[in-house]
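A.B. asks: here is my input; please provide its structure:
(chains A and B)
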Protein chains: 2
Amino acid sequence: MNVLIIYAHPEPKSLNGTLKNKAVEVLSKEGHNVKVSDLYAMKFKAALDGDDFTDRVDKDKLVIPKEQMHAYDNGTLRSDIEEETEKVKWADLLIFQFPLWWSSCPAIMKGWIERVFLQGFVVNLYDNKLYDTGHLAGKKALISSTVGSSEELYTRYGLHGDLDVHLMTLWHATFEFTGMEVLDHFLVYKASVMNEERVKSELERFETYLKAL
Amino acid sequence: MNVLIIYAHPEPKSLNGTLKNKAVEVLSKEGHNVKVSDLYAMKFKAALDGDDFTDRVDKDKLVIPKEQMHAYDNGTLRSDIEEETEKVKWADLLIFQFPLWWSSCPAIMKGWIERVFLQGFVVNLYDNKLYDTGHLAGKKALISSTVGSSEELYTRYGLHGDLDVHLMTLWHATFEFTGMEVLDHFLVYKASVMNEERVKSELERFETYLKAL
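C.D. replies: Residues are numbered from 1 along each chain as shown, chains lettered A, B, ... in the order given. I've put the predicted structure just below:
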């Protein structure tokens, strides 16, 4: 299948960089086609703003869903957004590889979602095309994340609350919202205190996970 | 008291812009001191990366908490971050004014949190200074947000799930994590289909809310 890895970490030598490289290696060996959107390396524009729209319907007041719809329908998307929408169309599986920052994905990845998951492209709120009838139905999504804290802190009665609940904003209200099927998360806890042995064992666990896809 | 409004919307004429202006007006009249960080107008750098650190401890590998700690302790923060940390220190209340995008705050605001809420400044994970002992204890935080959908969609068994649960990533795992006390959210639902009358009534409700602070 076709796999798009959306990867966000500013340090190529980070655990996230290592996991991303591992995914490319394992998935390619398994015969899948793999593309990577390395958001930091691409210096991906993180903030959605008026500059995203080269041909505004309303030049006086920016109403985002309206402009996204218009730009998508009329092929006037900025090229950096267009390239990403093409990759998403191509992909059967989207892997979101990121470090958990403030219990969610990095701003640059949130910005990718805001700018690429356009109204009219991934959903159509005017026609009620969302969730089961979302435009990305048939595709799959995977959250692959590194978590600085221990798992205990991210349980229901742990200090931070249940991590799966924090991530619901992504897996449910974003990915399922577009129609995608969400796979079990791949999470590496205590990522802030890794040693060589744990890196090795987590990479093996990731390889096993990816081979079973 | 001293109030810092962190405001994120690319359109000054938006409902968020109007709410922000209302807050400045009402709070000033009430005798409070008000500062605004208008993130879009400031073209605030949304992505946390190596450029944030002018004097790296480790030039070979970027480890963010370590560099944040070092930069904060040694006064080598980038000026755009330094200006924001000074505003946060000054403030008794932080108001986060934003449109709900993908069930959370815009990327540019998430980036503000990642870059300004530095390790060593708002918490100290090495010394276990977080939540009740977080460095921002004594300050208050308020989420003021506009929500495109109706309230029904954001209930426990609604299509998107409970909005307060989605926002927990901000109010609990971010604001309470730093020690801040969180006030009741001010939410305007169905913000995508406002008319003059509803704008007027929501602004009055906001004024009443702010006067009672």
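A.B. asks: show me the shaky parts of chain A.
C.D. replies: Chain A contains no residues with pLDDT under 70.
A.B. asks: now with 90, please.
C.D. replies: Scanning chain A for pLDDT under 90 picks out A:126.
A.B. asks: which residue of it lies farthest from its centroid?
C.D. replies: A:Asp60 (32.3 Å; Cα atoms, centre = their mean).
A.B. asks: helix, strand or coil: sort out it for me.
C.D. replies: Following DSSP: H, G, I helix; E, B strand; the rest coil, A:Asp60 is assigned to coil.
A.B. asks: what's the neighbour count on the nearest residue to it once chain neighbours are set aside?
C.D. replies: Nearest residue to A:Asp60 in three dimensions, chain neighbours excluded: B:Lys13, at 7.9 Å (Cβ to Cβ, 6 or more residues apart in numbering or on different chains). The way it works is simple: take the backbone N, C-alpha and C, and place the C-beta from them, glycine included. Using other Cβ atoms under 10 Å in any protein chain shown, B:Lys13 is surrounded by 12 other residues.
A.B. asks: got it, and A:Lys200?
C.D. replies: A:Lys200 - counted by other Cβ under 10 Å - has 11 other residues nearby.
A.B. asks: what are the phi and psi values for A:Glu67?
C.D. replies: Phi and psi for A:Glu67, reported as degrees, to the nearest 10, are phi -70, psi -40.
A.B. asks: likewise the one 4 residues further on?
C.D. replies: Backbone torsions for A:Ala71, taken as degrees, to the nearest 10, come to phi -70, psi -40.
A.B. asks: pull the contacting residues for it.
C.D. replies: A:Asp52, A:Phe53, A:Thr54, A:Asp55, A:Leu77, A:Leu118 (Cβ atoms under 8 Å, 6 or more residues apart in numbering or on different chains).
A.B. asks: again with A:Leu94
C.D. replies: Here A:Leu94 is in contact with A:Val3, A:Leu4, A:Ile5, A:Ile6, A:Val88, A:Lys139, A:Lys140, A:Ala141, A:Leu142, A:Met180 (Cβ under 8 Å, 6+ apart).
A.B. asks: same thing but at 7 Å, please
C.D. replies: A:Leu4, A:Ile6, A:Val88, A:Lys139, A:Ala141 (Cβ atoms under 7 Å, 6 or more residues apart in numbering or on different chains).
A.B. asks: that one pairs with what?
C.D. replies: A:Leu4, A:Ala141 (DSSP bridges).
A.B. asks: which of the residues in stretch A:180-200 are buried?
C.D. replies: Buried residues in stretch A:180-200, counted by 16 or more other Cβ atoms under 10 Å in any protein chain shown: A:Met180, A:Val182, A:Leu183, A:Phe186, A:Leu187, A:Val188, A:Tyr189, A:Ala191, A:Ser192.
A.B. asks: which helix or strand contains the fifth one?
C.D. replies: When you say that, I think you mean A:Leu187. strand A:186-188 (DSSP states H and E).
A.B. asks: same for the helix or strand following that strand, what does it pack against?
C.D. replies: Next helix or strand after strand A:186-188 toward the C-terminus (DSSP H and E): helix A:196-211. If you count contacts as 3 or more Cβ pairs under 7 Å, 6 or more residues apart in numbering or on different chains; DSSP states H and E, helix A:196-211 packs onto helix A:15-29, strand A:186-188.
A.B. asks: ok, which of those comes nearest A:Lys200?
C.D. replies: helix A:15-29 (10.5 Å; Cβ to Cβ).
A.B. asks: identify the residues contacting that closest one?
C.D. replies: Outside helix A:15-29, the residues within contact range by Cβ under 7 Å, 6+ apart are A:3, A:5, A:7, A:9, A:11, A:34, A:36, A:95, A:97-99, A:144, A:146, A:188, A:191, A:194, A:199, A:203, A:206-207, A:210-211.
A.B. asks: now swap in stretch A:137-151 and tell me
C.D. replies: Outside stretch A:137-151, the residues that touch it by Cβ under 7 Å, 6+ apart are A:15-16, A:19, A:91-100, A:154, A:160, A:163, A:167, A:170-171, A:175, A:179-183, A:185-192.
A.B. asks: using PDB, list the CA coordinates for it.
C.D. replies: C-alpha atoms of stretch A:137-151 as PDB (Å, rounded to 0.1, in the frame of the first residue of the first chain):
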ATOM      1  CA  ALA A 137     -13.100   7.200   4.100                       C
ATOM      2  CA  GLY A 138     -11.100   4.100   3.100                       C
ATOM      3  CA  LYS A 139      -7.800   5.500   4.300                       C
ATOM      4  CA  LYS A 140      -6.200   4.600   7.700                       C
ATOM      5  CA  ALA A 141      -4.400   6.800  10.200                       C
ATOM      6  CA  LEU A 142      -1.800   5.900  12.800                       C
ATOM      7  CA  ILE A 143      -0.500   8.000  15.700                       C
ATOM      8  CA  SER A 144       3.100   7.100  16.500                       C
ATOM      9  CA  SER A 145       4.300   9.200  19.300                       C
ATOM     10  CA  THR A 146       7.000   9.500  21.900                       C
ATOM     11  CA  VAL A 147       6.000  10.500  25.400                       C
ATOM     12  CA  GLY A 148       8.400  12.100  27.900                       C
ATOM     13  CA  SER A 149       6.500  10.900  31.000                       C
ATOM     14  CA  SER A 150       5.800   7.500  32.300                       C
ATOM     15  CA  GLU A 151       2.600   5.700  31.400                       C
END
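A.B. asks: can you pull out the helices in chain A?
C.D. replies: Applying DSSP state H to chain A gives helices spanning A:15-29, A:64-74, A:79-90, A:107-116, A:163-170, A:196-211.
A.B. asks: got the ones you listed as CSV, with distance to A:Lys43 columns?
C.D. replies: Formatted as CSV, the helices of chain A follow (distance: least, Cβ to Cβ, whole Å):
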stretch, distance to A:Lys43
helix A:15-29, 16
helix A:64-74, 21
helix A:79-90, 10
helix A:107-116, 9
helix A:163-170, 23
helix A:196-211, 27
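A.B. asks: please identify the most buried of those.
C.D. replies: The highest mean neighbour count among those, using mean count of other Cβ atoms under 10 Å in any protein chain shown, belongs to helix A:107-116: a mean of 25.
A.B. asks: now for it, which elements pack on it?
C.D. replies: Applying 3+ Cβ pairs under 7 Å, 6+ apart, we find helix A:107-116 packed against helix A:79-90, helix B:107-116.
A.B. asks: with distance to A:Ala46 added, can I get those helices in JSON lines?
C.D. replies: Below are those laid out as JSON lines (distance: least, Cβ to Cβ, whole Å):
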{"stretch": "helix A:79-90", "distance to A:Ala46": "11"}
{"stretch": "helix B:107-116", "distance to A:Ala46": "5"}
